[in-house]
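> Give me a 3D structure for the following:
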Amino acid sequence: MAEEKKTVGNLIRSIREKRKITREKLSLGLCSATTLMRYELGERIPDKFMADALLERMGQIPFRYEFIGSEQEFQFRMMRNYIEKLQKKDREKAEFLIREYESLVTENDSLHMQYLWMKKAEIFCGQENFQRAEQFYRKALGYTALPVIGDKLETRFLTECEISCLYGLAEILYVQDKAEQALLLHTGIKQYLDKNYWDYGKRQKYYPQILYRLAQKEVSDLKTGKAYRHLTEARKLLMESYQSLHLREICELLRDIEKMIPGKEKELEQDEFITVLKILETERNGSITEEGIELWESTARRLL
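Residues are numbered from 1 along each chain as shown. The predicted structure is shown next:
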């Protein structure tokens, strides 16, 4: 029997069948089930971004697989890399690259358009234009027909870009005091990540922040025990992955909860650690630098 030719279509089919995902569910919002079948049979070849999206929806890391893409696909990938690098350092250059990227695609290039609208939304976030950011996140999600209702996410399979858009929208809703809408989305994303296999590194990016938002709501509802568990897990995940976003606020909220729980002993190192985080934020705008690593690790070992 001849050995089956190794193609991206075969890879997608093999993973999909192993995970028992239907073509209809995997392709929803990306392409038709018939088109996906043709990819799997080798009758059509998906472009690099479609292949990545299908693999990401199945929890795979596309960069682990080598695909031969076109020169234009390589150009788009390089432009995305530059946009990511420039976004925080030089917003004007990032915006110029986004416009240049947009001039090379059409409205029908849904995956490219979703990425571009997400990036525009992130820029508006940085400018604290939250209303526009919300509009742009919703527009981005529309390109793959993704619902923005948390309890419907469990029935979908999501790409990294879709997760980023949903999380970004949830955060924007939160800062605009649309707490109930934000809570539904944060809860929906958590349930999705709990249920579906997802790359550990990417999961770490969102999961601790979602736990923090849920804990804030639980504290306001006087569910201190549940909030404490969520915050403790969030702190652990952030410290394991050397992330600092909201870490100080999480530690401060844990300290406050300890005072509310009868018989709960206060962690003696907590105040010291909060002070360290405040210094790092003041001196380095919240980023963890080489000079802070030794102090970070010594304190983290005591708290983990």
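> I'd like to know how far Asn108 sits from Glu73.
Using C-beta to C-beta, to the nearest Å, one gets 16 Å for the distance from Asn108 to Glu73. Every residue, glycine included, has its C-beta placed from N, CA and C.
> between these two, who's got more neighbours?
More crowded of Asn108 and Glu73, by other C-beta atoms under 10 Å: Glu73, with 15 against 8.
> quick one: contacts for the more buried one?
Asp47, Lys48, Phe49 (C-beta atoms under 8 Å, 6 or more residues apart in numbering).
> Give me the distance between it and Lys93.
Here the criterion is C-beta to C-beta. By it, Glu73 lies 22 Å from Lys93.
> With Gln87 instead?
9 Å.
> Need the mean per-residue confidence for stretch 103-113.
Over the span of stretch 103-113, the pLDDT mean works out to 96.
> Then stretch 252-267?
On average, stretch 252-267 scores 77.
> Tell me how many other residues crowd the residue nearest to Met58 when sequence neighbours are not counted.
Spatial nearest neighbour of Met58, excluding adjacent residues (C-beta to C-beta, 6 or more residues apart in numbering): Ile15 at 5.1 Å. The tally of other residues near Ile15 (other C-beta under 10 Å) stands at 17.
> so who does Ile15 touch?
Going by C-beta under 8 Å, 6+ apart, Ile15 touches Leu55, Met58, Gln60.
> Highest neighbour count among those residues?
Leu55 (23 neighbours).
> Using the three-state scheme, assign Leu30.
When classified by DSSP: H, G, I helix; E, B strand; the rest coil, Leu30 comes out as coil.
> Regarding the residue nearest to it when sequence neighbours are not counted, which helix or strand does it belong to?
Of all residues not flanking Leu30 in the chain, Ala53 sits nearest, at 5.6 Å (C-beta to C-beta, 6+ apart). Taking DSSP states H and E as the criterion, Ala53 maps to helix 48-57.
> Show me the contact partners of that helix.
Residues from elsewhere that reach helix 48-57 (C-beta under 8 Å, 6+ apart): 8, 11-12, 15, 26-27, 30-31, 36, 39, 46, 61-62, 65, 67, 69-70, 73, 76-77, 111-112, 157-161.
> roughly how far apart are Arg19 and Glu100?
From Arg19 across to Glu100, the span is 38 Å (C-beta to C-beta).
> So for those two, which residue has more residues nearby?
Just comparing Arg19 and Glu100: by other C-beta under 10 Å the higher neighbour count belongs to Arg19, 14 against 11.
> just checking, the more buried one touches Met58?
Yes. Using C-beta atoms under 8 Å, Arg19 is in contact with Met58, at 5.9 Å.
> ok, how many other residues are close to Thr34?
Neighbour count for Thr34, taken as other C-beta under 10 Å: 10.
> Contacts only, for the residue lying closest to His246 once chain neighbours are set aside.
The shortest distance from His246 to any non-neighbouring residue, by C-beta to C-beta, 6+ apart, is to Tyr212 (5.2 Å). Tyr212 sits next to His230, Leu231, Ala234, His246, Glu249, Ile250, Leu253 when contact means C-beta under 8 Å, 6+ apart.
> buried residues in the helix or strand harbouring the third one?
When elements are defined using DSSP H and E, Ala234 is found to belong to helix 224-240. Using 16 or more other C-beta atoms under 10 Å as the burial criterion, the residues of helix 224-240 that qualify are Thr224, Ala227, Tyr228, His230, Leu231, Thr232, Glu233, Ala234, Arg235, Leu237, Leu238, Met239.
> ok, now stretch 175-186?
Across stretch 175-186, burial judged by 16+ other C-beta under 10 Å covers Lys178, Gln181, Ala182, Leu183, Leu184, Leu185, His186.
> What of stretch 206-222?
For stretch 206-222, using 16+ other C-beta under 10 Å, the buried residues are 206-219.
> to the chain's geometric centre, what's the distance from that stretch?
17 Å (C-alpha atoms, centre = their mean, to the nearest Å).
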